[in-house]
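Visitor: Got a predicted model here, sequence first, then my questions.
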Amino acid sequence: MTLYVCGPTVYDLPHIGNARPAVVFDVLVRLLRHAFRQVLYVRNFTDVDDKINAAAASSGVPIRTITERTIAAYQAHMRSLQVMPPDREPRVTEHIGDIQDLINQLLRRGHAYEAAGHVLFEVTSFASYGLLSGRSPEAMRAGARVEVAPFKRNPMDFVLWKPSSPELPGWESPWGRGRPGWHVECTAMIRRHLGFPIDIHGGGQDLIFPHHENEIAQGCAATGLPYCHTWMHNSFVTVAVQKMSKSLGNVVLVRDLLQQTPGEAIRLALLASHYRQPLDWNQERLEQAKRTLTTFYRALTSADPGDTHRISADESGPDSIVLEALSASLLASGQLLGLLQQEPHQALAALHQAHRQATPSEVRLSKETIAELHLRRQRARQASEFQLADQLRRQLIEAGVPVADGKASRCSTSPTPANP
Ligand SMILES: [Zn+2]
């Protein structure tokens, strides 16, 4: 099973919109690995792009420094969202030879032409162009917002190779020193790492046209082989029902979210809508995700086999075997979604910490009150007053105090008093 997902252009820190495909396709890969013995997942980094050049020029920082530090930040932030790294993360700069081979093949087969130092794909040479997006040629022309260049035979033709001035990144080629156009990199990397046809190609909905349409045209025209069996596109993320943009000042960076909330809650919030539906990012969505995780982690702590006293002594309560089975089933489902894999007490403590940050005015409990609640709870458990013990436990957890019982206390920190 082969899967390719278009990765980020690395010139700026990832925002919540960049995180959505990473999380969505991470869930898909987990599911595929559950169902198939061999899964090969490739996601690229676009490290040659005019936006990167512009970022380097405006900040006075070398291009390589910008791409390296953006890739490192992207990988770290996605790890925090419990996104597993793909099997391979190829970069454009490592595949210039593969890209040039593909362009040469397109030239030889009459699907591309040279003009004014550029190499262009001739769209009219590929009969099924537009099949994926289902657009009419007029709609494609409007949607592509292609730059009108006098050297193009047809306005829809797109760049495979373009000349680089001495200060820009460039590689020697039969067509002069230059750099690849954007679309050609994915096709060349898919061919190198997975081979045609691939099983699943993923990416954001905005990539259907022209990027994926162009990928198909390049791959099929160069080799005569089918390109991909199944396309999957995630929908976009808005912020307070508006498109995210620097000019509106509403770009939500993953880094900033991680400073106030556990990555797992961000992940769940991103998964709470169907992947093909637009997702509006707002505080309530995040709060809801935190509440849901708290409920599940609490359920896991209450099914803790360390709490045998409660389970065996409470005749009316669920059987310990049933609880353990339910807990195992919840954990297995969580594994597929990349959720609930933390030690429950620690996860609850992190969620409460985030809650405290979000609501600084909340009344906290004093050290004395916490000690008193612990003592009362201990006595209630010894006296088999489990309802009271549970109520005290909830009170402590809601105040952000980790509660550890039996075996579980080995892996959780001792109860930490909240600020008086
Ligand atoms: Zn791509």
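Guide: Arrived safely.
Visitor: can you count the residues close to the residue in the stretch 301-420 of the chain positioned nearest to the ion?
Guide: Per CB to the ion, Gly338 is where the stretch 301-420 of the chain lies closest to the ion, at 23.3 Å. In short, each C-beta sits where N, CA and C put it, glycine included. Gly338 has 20 neighbouring residues, counting by other CB atoms under 10 Å.
Visitor: Please apply the same query to the one 3 residues further on.
Guide: Burial measure for Gln341: 12 neighbouring residues, criterion other CB under 10 Å.
Visitor: Look up phi and psi at it.
Guide: Per-residue torsions, Gln341: phi -100, psi 0 (degrees, to the nearest 10).
Visitor: wait, isn't it in contact with Ser333?
Guide: No. Gln341 sits out of contact with Ser333 when judged by CB atoms under 8 Å, with a separation of 11.3 Å.
Visitor: Can you tell me the closest non-neighbouring residue to the closest residue to the ion within the stretch 201-350 of the chain?
Guide: Nearest residue of the stretch 201-350 of the chain to the ion: His211, at 5.5 Å (CB to the ion). In space, His211 comes closest to His183 once its chain neighbours are excluded; the distance is 5.7 Å by CB to CB, 6 or more residues apart in numbering.
Visitor: Return the residues of this structure in contact with the ion.
Guide: Residues of the chain that fall close to the ion, judged by CB under 5 Å from the ion: Cys6, Cys186.
Visitor: can you do 6 Å?
Guide: Where the chain comes near the ion, counting by CB under 6 Å from the ion, the residues are Cys6, Cys186, His211.
Visitor: returning to that earlier point: so which strand or helix has the residue nearest to His211?
Guide: In the assignment (DSSP states H and E), His183 maps to helix 182-193.
Visitor: roughly how far is that helix from the heart of the chain?
Guide: Taking the mean of its C-alpha atoms, helix 182-193 sits 21 Å from the chain's own mean (CA atoms, centre = their mean, to the nearest Å).
Visitor: Restricting to C-alpha, output that helix in CSV.
Guide: In CSV, the C-alpha atoms belonging to helix 182-193 read as follows (Å, rounded to 0.1, in the frame of the first residue of the first chain):
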residue,chain,number,x,y,z
TRP,A,182,6.5,23.5,-8.2
HIS,A,183,4.3,20.8,-9.7
VAL,A,184,7.1,18.7,-11.1
GLU,A,185,8.7,17.9,-7.8
CYS,A,186,5.9,15.7,-6.4
THR,A,187,5.7,13.6,-9.6
ALA,A,188,9.4,13.1,-9.6
MET,A,189,9.5,12.1,-5.9
ILE,A,190,6.5,9.8,-6.3
ARG,A,191,8.3,8.1,-9.1
ARG,A,192,11.6,7.8,-7.2
HIS,A,193,10.1,6.6,-3.9
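Visitor: Identify each buried residue in that helix, please.
Guide: Buried positions in helix 182-193, judged by neighbour count with 16 or more other CB atoms under 10 Å: Trp182, His183, Val184, Glu185, Cys186, Thr187, Ala188, Met189, Ile190, Arg191, Arg192, His193.
Visitor: same deal with stretch 376-385?
Guide: Of the residues in stretch 376-385, Arg376, Arg377, Ala380, Arg381 count as buried by neighbour count, 16+ other CB under 10 Å.
Visitor: and what of stretch 166-185?
Guide: Neighbour counts over stretch 166-185 (16+ other CB under 10 Å) mark 168-171, 173, 175, 178-185 as buried.
Visitor: In TSV, list those along with pLDDT and distance to Leu351.
Guide: What follows is the buried residues of stretch 166-185, written out as TSV (pLDDT from 0 to 100; distance: CB to CB, whole Å):
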residue	pLDDT	distance to Leu351
Leu168	93	47
Pro169	94	44
Gly170	96	50
Trp171	97	49
Ser173	97	53
Trp175	97	56
Gly178	97	51
Arg179	98	46
Pro180	98	45
Gly181	96	46
Trp182	93	40
His183	97	43
Val184	98	45
Glu185	98	40
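Visitor: In CSV, list those residues along with distance to Ile370.
Guide: Listed next are the buried residues of stretch 166-185 as CSV, based on distance: CB to CB, whole Å:
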residue, distance to Ile370
Leu168, 62
Pro169, 59
Gly170, 64
Trp171, 64
Ser173, 69
Trp175, 72
Gly178, 67
Arg179, 62
Pro180, 61
Gly181, 62
Trp182, 57
His183, 60
Val184, 62
Glu185, 57
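Visitor: one step back: now what about the helix holding His183, what contacts it?
Guide: 4, 6, 40, 42, 44, 46, 48-49, 88, 90, 92, 95, 98-99, 101-103, 121, 158, 160-161, 180, 196, 198, 201, 210-211, 214-215, 218-219, 222-223, 227 (CB atoms under 8 Å, 6 or more residues apart in numbering).
Visitor: what helix or strand is Ser329 on?
Guide: Going by DSSP H and E, Ser329 is in helix 320-337.
Visitor: Run through the neighbouring helices and strands of that helix.
Guide: Identification of packing neighbours for helix 320-337 by 3 or more CB pairs under 8 Å, 6 or more residues apart in numbering; DSSP states H and E yields helix 16-35, helix 283-302, helix 308-313.
Visitor: low pLDDT regions in this structure?
Guide: The chain contains residues with pLDDT under 70 at 143-147, 305-318, 358-366, 398-400, 402, 404-420.
Visitor: ranges for the strands of it?
Guide: Residue ranges of the strands in the chain, as given by DSSP state E, are 2-5, 40-43, 112-115, 118-121, 158-163, 178-180, 198-204, 228-234, 237-239, 242-243, 279-281.
Visitor: and Leu257, which of those is closest to it?
Guide: Smallest distance to Leu257 across the strands of the chain (CB to CB): 9.2 Å, for strand 279-281.
Visitor: Quickly run through the sheet partners of the closest one, with directions.
Guide: Applying DSSP bridges, strand 279-281 is found paired with strand 237-239 (parallel).
Visitor: List of residues touching the partner strand?
Guide: The contact list for strand 237-239 (CB under 8 Å, 6+ apart) reads Ile16, Gly17, Arg20, Met244, Asn250, Val251, Val252, Pro278, Leu279, Asp280, Trp281, Asn282.
Visitor: Buried only: go through those residues for me.
Guide: Ile16, Gly17, Arg20, Met244, Val251, Val252, Leu279, Trp281.
Visitor: hang on, isn't Gln395 packed against Ile370?
Guide: No. If you go by CB under 8 Å, Gln395 and Ile370 don't touch, sitting 9.7 Å apart.
Visitor: Between those two, tell me which one has more neighbours.
Guide: Between Gln395 and Ile370, Ile370 has the larger neighbour count (other CB under 10 Å), namely 20 against 17.
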